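S.K.: pasting the sequence and the predicted coordinates here, then a few questions.
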Amino acid sequence: MHGPLPPPWIRTTTRVVALFMGLGAAAVAIWGTSVHAHADLSPVASLPAWWVGCIPFALLLGALAVLPLVRPVEVWWESNASKLAFSGLMGLVTLLWMRGQMGSEAALTAAAHGLAEFVPFIVLLLSLYVIAGGVQLEGTLPGSTRVNLVILASGAVLANLLGTTGASMLLIRPLLRANAFRRHQVHTVVFFIFIVSNVGGCLLPIGDPPLFLGFLRGVPFFWTLGLWKEWACAVALLLVGYAVLDRQMLRKDPQAREALAKAGPASPRVKGWPSVMLMLLAVTAVATVQPGQPVPLIGWIPPMYGREVILLLLAAASVGVAPWSQRRAQGFTLMPMGEVAAVFAGIFLAMQVPLAVLAAQGASLGLDTPMRLFWWTGGLSSVLDNAPTYLVFMEVARGVTEQAAAPGVERLMDGSFIRDDLLTGVSLGAVFLGAMTYIGNGPNLMVRAIATSSGVRMPGFGGYMLWSIGLLLPVLVLVSVLFLT
């Protein structure tokens, strides 16, 4: 905490508002989603004042970037109830505007659109997060350059199986324990955010939230595996950069060199193999269970939210084999997931208007090359949040494809089309440049908070950007030149 708590009446009011926002969202999800989730919202783009409907979305994303830095409100904003109250209010304002402009049917359609994507999104993150919390890495891990590189490289792979959030929560504490004797630890945490919390998770839709949103919007599950060259290049360059910098830091720390000379060999061991098996089942469920489509081999046709029910059951089973008491001893908490749910509940509602506008007018913006989409998507992902930013520019790419047909077109699962090269630019921009700031991707702030609580003096918002501009940005420029021109 950086200041006094808000007055009790403010905290109480915030909780009441948050409660009503949550109940209202649940009511719409139960009542309207199955009827209206696939209705057409494109007429909103023809309204003379369509830009007014985008203001709540802009205010919400601006709040995510600014309010944590404003001292008078930063303590109030730390509460998940505050985030839910504000984000829910922005979503409600969007729906009220649509009701006034287009009628109640359009407002309900927008709400159903948002919730039809929010429910699978948050259930996936929650399930992977809970299951990953049952897996622990124990044993001796001396924080040498080689050991740290192995942890970072392993995280780049695990991020695709556990999600960037799950992989970050699994590996950050062992990494901090391994390097606790070092005087210079900040660079290791910064590269961990670059590689494990962001860049590593671009090979599967469950790796990073924006890619999962793309999967929900019709991108085939294994399409992202085609990004392996860009992934391998970026991860390799970052690992080389870390190795060079880490050796320089060790030369400045004779006590660390002495401690490493006395340390025994690394002997890590994984605890929680039942949760590992549950994680593999969760990945299989995401890849094969689609509402209304037969599951391969067994032919079962799951109902709406059938996949989500399976994921929640797997998460519950994980809690059964790794109880909460055991997780709490390792520092596990649901607070980070509560923050994600609170913020995105409003984002998924408020973004319906800008998404509809961009779907109709995106081709006129001139964002018709992979390079432009990479930097526009990535630039906004850096200062906003990469998940909704991905959706916005995916709609732009889809609009460009529809207005100017070209070779290399990917057929999405909903029957529409999008150019492979444009989708590549959007996907890489959202995933890779989400690492440029603490607020670009959810795990970034979580890792910073854990490192700070462990005694690492992490840089502030601006200080972190100096690291990312100096170390990450040159790598991303090279990757974009090699693969997107």
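M.R.: Structure received. Residues are numbered from 1 along each chain as shown.
S.K.: how far away is the residue nearest the centre of the chain from residue 108?
M.R.: Residue closest to the average C-alpha location in the chain (CA atoms, centre = their mean): residue 209, at 3.7 Å. Noted for residue 209: a distance of 26 Å to residue 108, by CB to CB, to the nearest Å. Placement of C-beta: from N, CA and C, glycine included.
S.K.: just how off-centre is the host helix or strand of residue 258 within its chain?
M.R.: Secondary structure assignment for residue 258, by DSSP states H and E: helix 254-262. Its chain's C-alpha centre and that of helix 254-262 lie 37 Å apart, by CA atoms, centre = their mean, to the nearest Å.
S.K.: then stretch 385-401?
M.R.: Centre to centre, stretch against its chain (CA atoms, centre = their mean), the figure for stretch 385-401 is 15 Å.
S.K.: thought residue 156 was touching residue 235?
M.R.: Yes - using CB atoms under 8 Å, residue 156 is in contact with residue 235, at 4.8 Å.
S.K.: the residue nearest to the centre of the chain and residue 127, how far apart?
M.R.: 13 Å.
S.K.: repeat for residue 325
M.R.: In terms of CB to CB, residue 325 sits 21 Å off from residue 127.
S.K.: likewise for residue 74?
M.R.: In terms of CB to CB, residue 74 sits 31 Å off from residue 127.
S.K.: same deal with residue 172?
M.R.: Computed as CB to CB, the residue 172 to residue 127 distance reads 20 Å.
S.K.: also residue 166?
M.R.: 10 Å.
S.K.: swap in residue 73?
M.R.: 33 Å.
S.K.: out of the two, name the residue with the larger neighbour count.
M.R.: Taking other CB atoms under 10 Å, residue 73 and residue 127 do not tie; residue 127 has more neighbours (27 against 16).
S.K.: the more buried one reaches residue 314, doesn't it?
M.R.: Yes - shown here, residue 127 and residue 314 form a contact pair, counting by CB under 8 Å, at 6.2 Å.
S.K.: overlap of the contact sets of these two?
M.R.: residue 282 (CB atoms under 8 Å, 6 or more residues apart in numbering).
S.K.: buried set for stretch 250-268?
M.R.: By neighbour count with 16 or more other CB atoms under 10 Å, stretch 250-268 contains the buried residues 250, 256, 259-260, 263, 266.
S.K.: nope, stretch 372-383 is what I meant
M.R.: Buried-residue list, stretch 372-383, by 16+ other CB under 10 Å: 372-378, 380-383.
S.K.: next, format those as JSON lines and append secondary structure.
M.R.: Output for those, formatted as JSON lines (DSSP: H, G, I helix; E, B strand; the rest coil):
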{"residue": "372", "secondary structure": "helix"}
{"residue": "373", "secondary structure": "helix"}
{"residue": "374", "secondary structure": "helix"}
{"residue": "375", "secondary structure": "helix"}
{"residue": "376", "secondary structure": "helix"}
{"residue": "377", "secondary structure": "helix"}
{"residue": "378", "secondary structure": "helix"}
{"residue": "380", "secondary structure": "helix"}
{"residue": "381", "secondary structure": "helix"}
{"residue": "382", "secondary structure": "helix"}
{"residue": "383", "secondary structure": "helix"}
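S.K.: so where do the strands sit in the stretch 351-485 of the chain?
M.R.: 409-411, 417-419 (DSSP state E, counting those that start in this stretch).
S.K.: I misspoke; the intended subject was the stretch 1-150 of the chain.
M.R.: Ranges of strands in the stretch 1-150 of the chain, per DSSP E, counting those that start in this stretch, are 136-140.
S.K.: and the helices in it, which stretches?
M.R.: 8-36, 55-66, 71-77, 80-102, 104-132, 145-178 (DSSP state H, counting those that start in this stretch).
S.K.: what angle sits between the fourth one and helix 104-132?
M.R.: Read that as helix 80-102. In terms of direction (axes from the mean of the first three to the mean of the last three CA atoms, to 10 degrees), helix 80-102 departs from helix 104-132 by 150 degrees.
S.K.: same thing with the last one?
M.R.: Relative orientation of helix 145-178 with respect to helix 104-132: 100 degrees, computed using the same axes, to 10 degrees.
S.K.: for helix 145-178, which positions count as buried?
M.R.: 145, 147-149, 151-176, 178.
S.K.: do I have it right that residue 318 meets residue 131?
M.R.: Yes - with contact defined as CB under 8 Å, residue 318 and residue 131 form a contacting pair (4.3 Å).
S.K.: what do those two both touch?
M.R.: Between them, residue 318 and residue 131 share the contacting residues 275, 278, judged by CB under 8 Å, 6+ apart.
S.K.: the more surrounded of those two?
M.R.: In terms of neighbours (other CB under 10 Å), residue 131 is the more surrounded of residue 318 and residue 131; the figures are 32 against 25.
S.K.: list the contacts of the more buried one.
M.R.: 166, 275, 278-279, 282, 314-315, 318.
S.K.: 10 Å - rerun?
M.R.: 162-163, 166, 272, 274-283, 311, 314-319, 321-322 (CB atoms under 10 Å, 6 or more residues apart in numbering).
S.K.: also residue 276?
M.R.: Applying CB under 10 Å, 6+ apart, we find residue 276 in contact with 131-132, 134-135, 161-162, 270, 318.
S.K.: that one - that's part of a helix, no?
M.R.: Yes - using three-state DSSP, the assignment for residue 276 is a helix.
S.K.: show the model's pLDDT score for it.
M.R.: For residue 276, the model assigns a pLDDT of 86.
S.K.: re earlier: quick check, nearest of the buried residues of stretch 372-383 to residue 441?
M.R.: Closest to residue 441 out of those is residue 381 (7.8 Å), distances taken as CB to CB.
S.K.: do I have it right that the closest one meets residue 441?
M.R.: Yes - here residue 381 reaches residue 441: they are 7.8 Å apart, a contact under CB atoms under 10 Å.
S.K.: right, I'll call it a day here.
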